[in-house]
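> following is a predicted model, sequence given first.
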Amino acid sequence: MSLLAVTVLGHDRPGIVADTTAALARLGGNLEDSTMTLLRGHFAMLLLVQTAASVTDVERALQGLAADGALAVDVREVPDAGAPTTASTGAPYVLSVHGADRPGIVGGLTGVVAAAGGNVTDLSTRLTGDLYVLLAEVALPSGCDVVALEQRLRAAAEELGVDVWLRALDTDEL
Amino acid sequence: MPALPVGAVLPVRLAPDRLLSTPGEAVDPRDPQVVQLAADLLATQDAAPGCVGLAAQQVGLAWRVLSVDVSDHPKARTQHGAFVLCNAVLVEATRRERGREGCLSVPDLTGDVKRARRAVVRGLLPVTGEPVVIETDAFEAVALQHEIDHTDGALFLDRVAGAHALHARQTYR
């Protein structure tokens, strides 16, 4: 068994998820984590599939999806990282940024987070008209000086002409 | 809360255990088995660090019995100490806010869920069967709704706010 990452990108239409996952199920593939969204009308999906089938078998099974050129499919083996918790350690924070669109906002601000040892665990950005919005979840290592990080984020945001907020994301354990 | 017998610490069921999806049966709060369950829920809850509530389904019984104890929790405002309710129902729920919650029975995931921050819950106390109305807010209100959901056979997974509102639980270094 191996873990394969299947990426499907392209023009959206009803039935892409159903077609892709049915083809994988016919191969005996078991879907693990997956994510899918629409980015400005472009379908974007990434699936992790545990399967005994080879990359070539899976590519062949998904050939029909890409046949008309509207979708691009990529299949590759990835290392099995194990349980979901092993991937995300640290204190969770939400970074929110908004302001007038310009190049460099995401790179500038996530660069500040990375320099503090923070890891982006989820990211979503939207451009609507001239308004650019970034929402990221970041895991900050223990010992991270959050006040200093906020100051550096504000300085970077000031240079980019955007507003930035960093807030702790706590979970109610029930 | 009426005095309860000594409770046993029971193993907590984990999803996808189907019992967690089974709506609870209404109970007789004076039934000795229900009284023992009440004691066991509080004992099991006490033994789990950070646990503020449990429901019968989590310890293996599809009954309408839940326990809550948010004593001294930093997010609690109104609090009623450690208590057990039988046949609890939510009768008023207002000021819904979204928060991220986790559950002992779903240890690897958290989800963003909207819950009322003001709630009125009606139920019966174990042992005496005395009817009580609990008016509460903030964290205790959220905990009660989460536990009432368990007694209905629902997990927070059934209430997650959207496809991207389910998260891998983060662990602290």
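Yep, that arrived. Not measured: the values here are computed from a predicted model.

> which residues of chain B lie near chain A?
B:50-53, B:75, B:99-104, B:108-110, B:139, B:142-143, B:146-147, B:156, B:163-164, B:167-173 (C-beta under 8 Å from any C-beta of the partner chain). No exception for glycine: its C-beta is placed from N, CA and C like everyone else's.

> out of the residues you listed, which are inside helices?
Judged by DSSP state H, the residues of chain B next to chain A include B:139, B:142-143, B:146-147 as members of helices.

> okay, and for chain A, where does confidence drop off?
A:82-88 (pLDDT under 70).

> in chain B, where's the longest strand?
When chain B is parsed with DSSP state E, its longest strand is strand B:83-103.

> hey, C-alpha coordinates of that strand in CSV?
The C-alpha trace of strand B:83-103 is given here as CSV (Å, rounded to 0.1, in the frame of the first residue of the first chain):
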residue,chain,number,x,y,z
PHE,B,83,-24.1,18.4,38.5
VAL,B,84,-25.9,15.7,36.6
LEU,B,85,-29.1,16.1,34.7
CYS,B,86,-31.5,13.5,33.5
ASN,B,87,-33.7,14.0,30.4
ALA,B,88,-32.3,17.5,29.9
VAL,B,89,-33.7,19.7,27.1
LEU,B,90,-32.7,23.0,25.8
VAL,B,91,-35.6,25.4,26.2
GLU,B,92,-34.1,28.7,25.3
ALA,B,93,-30.9,29.5,23.4
THR,B,94,-29.8,33.0,22.4
ARG,B,95,-26.7,35.0,21.5
ARG,B,96,-25.2,32.4,19.2
GLU,B,97,-21.5,32.7,18.6
ARG,B,98,-19.0,30.6,16.8
GLY,B,99,-16.3,29.0,18.8
ARG,B,100,-13.8,26.1,18.2
GLU,B,101,-14.6,23.0,20.2
GLY,B,102,-13.1,19.6,20.9
CYS,B,103,-14.5,16.5,22.5
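
> return the set of buried residues in that strand.
For strand B:83-103, a neighbour-count test (16 or more other C-beta atoms under 10 Å in any protein chain shown) marks B:83-88, B:90, B:93, B:99-103 as buried.

> ok, now how distant is the closest residue to residue A:27 other than its chain neighbours from chain B?
Residue nearest to residue A:27 in three dimensions, not counting chain neighbours: residue A:53, with 4.5 Å by C-beta to C-beta, 6 or more residues apart in numbering or on different chains. Distance, residue A:53 to chain B, using C-beta to the nearest C-beta, to the nearest Å: 25 Å.

> I'd guessed residue A:53 sits against residue A:26; true?
No. Using C-beta atoms under 8 Å, residue A:53 makes no contact with residue A:26, being 9.8 Å away.

> picking up where we left off before, give me the buried entries from the residues of chain B next to chain A.
By 16+ other C-beta under 10 Å, these give B:51-53, B:99-104, B:109-110, B:139, B:142-143, B:146-147, B:156, B:167-170 as buried.
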